[in-house]
Each structure stands twice: as C-alpha cells, then as structure tokens.
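>>> coordinates for the following, if possible.
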Amino acid sequence: MRIWWLLLLTGLLIAVGTAHAAEWEMHALGGVRVHVKVGEEALARQIGAMAEEELPRISAVIGVVRPKTFDVYAYTDRATFLRETTREPFTLGVSYSPSGTIRLDANDTTTRVRNTLAHELTHSLISQRLRGDLTGLPTWVNEGIAGQLSEPVRRDELRNVAKLMHREGILTLPELENAFDTGRYRDAAYLQSRSMVAWLEDRHPEAVTRIFARMSETNDHFYQALPAITGLTHEQWLREWARSVPDIMFWLLLLNSPVVYAPLALILVILIVLRLRRRRDEEDEEAKPQPRNDRRDDDADEDEDLEDLLPE
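Predicted structure coming up:
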C-alpha cells in the first residue's frame, strides 16, 4: 500500500512539474536561452538583443573565451519572481552557480532590465571562469565587479562615496563581506565595492582579467592573486582607494557636519529673532499717539485775534 502512495505522489509531482514547464517557451537568442511565458515573444527578443550586446563585452573582461549558453528566465510578474527565487523584496535578479542559470525580474524599465541582466551575466561568467568554485572570491569583490560592469560608477556618485566616508567612515573589509548577507550597510557596500573595482581598473588596467586568469590557473585565493598582479594587498587597496576620493568633496560635504551647521543654524536663529524684535519695535513706535503741536495752535489763535482788531 505504501508503494502505491509513493507512486501516486511521484505522479502528482511529475504532473505539476510538466504543467509548470508548459507555461514557459524557450527562445535561443543572443547567445542565451531566453525563457518567457507563452505569448511573450516580444520580451524574449528584447532580452536576446540585450544579451547579444552585453555577453561579448563582459566575457572579454572576465576572460571567458567561449561563454556557456545560459538559461535566462524572464518574469513579468514580480510576485511570481520573488516566490520562485525566495529572495529579499529588493532582489531584481538571481544567478545560480555553477549552472549559470539566471532568473530576472523583467517588469521594469528597459534600462533597469538591461543593467540587471548584465549584472547577473557577470556573476554567471565569473562562475564559469572559476569552474563553479567561488570559495576563493570574496562576496564583495564578486558584487563589486558585477556592479561595475553592469552599471559603472559615475563621477557624480563620488559625492555619495565621500558622504559615506565623512559621516559613517568607510566600511572595513569584514563589514563589506558581511553586508551582502546580513543586509546591514548593503547600499553602502554596493557603492563602495563598485567604486573600489573602478579605481583598481583605472590604476591597473585589465587587473580583473589577469587576476581571474591567475586564480583559474593556480587556484589562488583572490587576496593572493591581487598582490601578484597589482602589487597591492587587499588592505592597501582599501587604503589607496580611500585616499583617492577627491578632497574637495570633503570640504563641500563638511557643511553637512553637525559640528559646522549647528552653530550656523544657531546664528541664523539669533539673527531672525533680532530682526523680528526690531520690526515689532518699529510697529509699536508707529502705533503710539503723536504729541499735539500746541505752539502751532496758539499762533493760529493769536492771528485770529489780530484780524479782529484791525479796522475794516
């Protein structure tokens, strides 16, 4: 009897899986297999066109000569996407290692979908480059590279980096590593990690490509390959990057400090109070009754008396 129940349960699971699979259509486009729901062929073509542009660019940086044909599942319903990825509410995409399968929230603007696709393609290509073994790659470096290749740090974002440094101090390497798992400082960690990768590529061109090549050949940890390629330890990388944030940003953002704006605010309040008191005094002065000019009235009476005495 137990065997019959097991067979029945297995049959139900197969039926559910088959029904779920029937909801998706696969389109081989742009070097990936795009999976969309039935009737969403236009979305598949859009995702395929994005992948065709992004895949060669990112592969060249990561050092992947022949990228795998990754499966990309594009969701137009965010609730379904979150339910099937079982991730946090702010998640826009997921890349699974070592398969490289990507699940993507496509219910957004074209620019955002492209950036998310590029971000997840970077994760998938990194996994392929390291043969599915990500134990030697710090999470924050992985996220920083994916962030920089999908949405490069702009110059105007340095102001946000400077604000982060001035108000809270830069995140330490352990804080960076833990931020993506715990959620604490996650936004700051994304910004700092992307900025650090951008700085590294600016000072040491093709550093990422060469580091991944060394990690793949020698099985070195990232922190071992970094000094071999750039001459920088990870601690030096953090310090040198921190010094690179423009000093002018510190002075511009100094006014955001309570040490400065609190006294300025107090002075402003005092000036406003003094101005209001001066205005009130002026109004009180105007409201007082004006003294009568008795001398002028007496002169007028004397003139009238003289006129009466004059002969006609």
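
>>> going by C-alpha atoms from here, please, whenever you check contacts or count neighbours.
Will do.

>>> in three-state terms, label Ala74 for me.
Recorded secondary structure, Ala74: strand (DSSP: H, G, I helix; E, B strand; the rest coil).

>>> quick check: pLDDT value at it.
You'll see Ala74 listed with a pLDDT of 96.

>>> partner residues bridging it?
Leu104 (DSSP bridges).

>>> please renumber the chain so that the first residue is 43 from this point on.
Will do, 43 is the new start, and the previous item becomes Ala116.

>>> near it, how many other residues are there?
25 (other CA atoms under 10 Å).

>>> quick one: residues contacting it.
Listed by CA atoms under 8 Å, 6 or more residues apart in numbering, the contact set of Ala116 reads Val76, His77, Val78, Ala86, Arg145, Leu146, Asp147, Ala148.

>>> what would those residues look like in CSV with distance to Glu65?
Output for the contacts of Ala116, formatted as CSV (distance: CA to CA, whole Å):
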residue, distance to Glu65
Val76, 13
His77, 10
Val78, 8
Ala86, 14
Arg145, 15
Leu146, 16
Asp147, 17
Ala148, 16
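
>>> and of those, the nearest to Val107?
Nearest to Val107 among these: Val76, at 21.1 Å, using CA to CA.

>>> what lines up beside the helix or strand harbouring that closest one in the sheet?
Here Val76 sits within strand 74-79, counting by DSSP states H and E. If you go by DSSP bridges, strand 74-79 pairs up with strand 66-71 (antiparallel), strand 113-117 (parallel).

>>> buried sites along the following helix or strand past that strand?
Next along the chain after strand 74-79, taking DSSP H and E as the criterion, comes helix 83-104. Neighbour counts over helix 83-104 (16 or more other CA atoms under 10 Å) mark 83, 85-90, 92-93, 96-97, 100-101, 103-104 as buried.

>>> show me which positions of the longest helix seen in the chain end up buried.
When the chain is parsed with DSSP state H, its longest helix is helix 300-329. Buried residues in helix 300-329, counting neighbours by 16+ other CA under 10 Å, are absent.

>>> also stretch 178-189?
Neighbour count says stretch 178-189 has Leu179, Pro180, Thr181, Trp182, Val183, Asn184, Glu185, Gly186, Ile187, Ala188, Gly189 buried, by 16+ other CA under 10 Å.

>>> who's in contact with it?
By CA under 8 Å, 6+ apart, stretch 178-189 touches 160-162, 164-165, 168, 218-219, 222, 231-232, 234-239, 261-264.

>>> list only buried entries from those.
160-162, 164-165, 168, 218-219, 222, 231-232, 234-239, 262-264.

>>> am I right that Ala70 is in contact with Val76?
Yes - between Ala70 and Val76 a contact is recorded at 6.2 Å, counting by CA atoms under 8 Å.

>>> can you list the low-confidence ranges for the stretch 43-192 of the chain?
Applying pLDDT under 70 to the stretch 43-192 of the chain picks out residues 43-64, 129.

>>> what residues does stretch 237-250 touch?
103-104, 183, 186-187, 190, 194-195, 271-272, 279-280, 283.

>>> and Val315, how far from His246?
Distance of Val315 to His246, computed by CA to CA, to the nearest Å: 57 Å.

>>> revised request: answer the last question for Asp175.
25 Å.

>>> Glu324 too?
For Glu324 relative to His246 (CA to CA), the value is 69 Å.

>>> residues making contact with stretch 118-138?
Here stretch 118-138 has contacts from 117, 143-149, 158-159, 162-163, 165-166, using CA under 8 Å, 6+ apart.

>>> list every C-alpha atom in it, with coordinates, as CSV.
The C-alpha coordinates for stretch 118-138 follow below in CSV (Å, rounded to 0.1, in the frame of the first residue of the first chain):
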residue,chain,number,x,y,z
THR,A,118,6.8,39.9,-15.9
ASP,A,119,5.1,39.2,-12.6
ARG,A,120,7.2,40.3,-9.7
ALA,A,121,5.2,38.3,-7.1
THR,A,122,5.9,35.1,-9.0
PHE,A,123,9.6,36.1,-9.4
LEU,A,124,10.0,36.6,-5.7
ARG,A,125,8.1,33.4,-4.8
GLU,A,126,10.3,31.3,-7.1
THR,A,127,13.6,32.9,-6.2
THR,A,128,12.8,33.1,-2.4
ARG,A,129,14.9,36.2,-2.1
GLU,A,130,14.5,39.6,-0.4
PRO,A,131,11.9,42.0,-1.7
PHE,A,132,14.5,44.3,-3.3
THR,A,133,16.0,41.5,-5.4
LEU,A,134,15.9,42.1,-9.2
GLY,A,135,17.9,39.1,-10.5
VAL,A,136,19.5,35.9,-9.4
SER,A,137,22.4,33.9,-10.9
TYR,A,138,22.9,30.3,-9.8
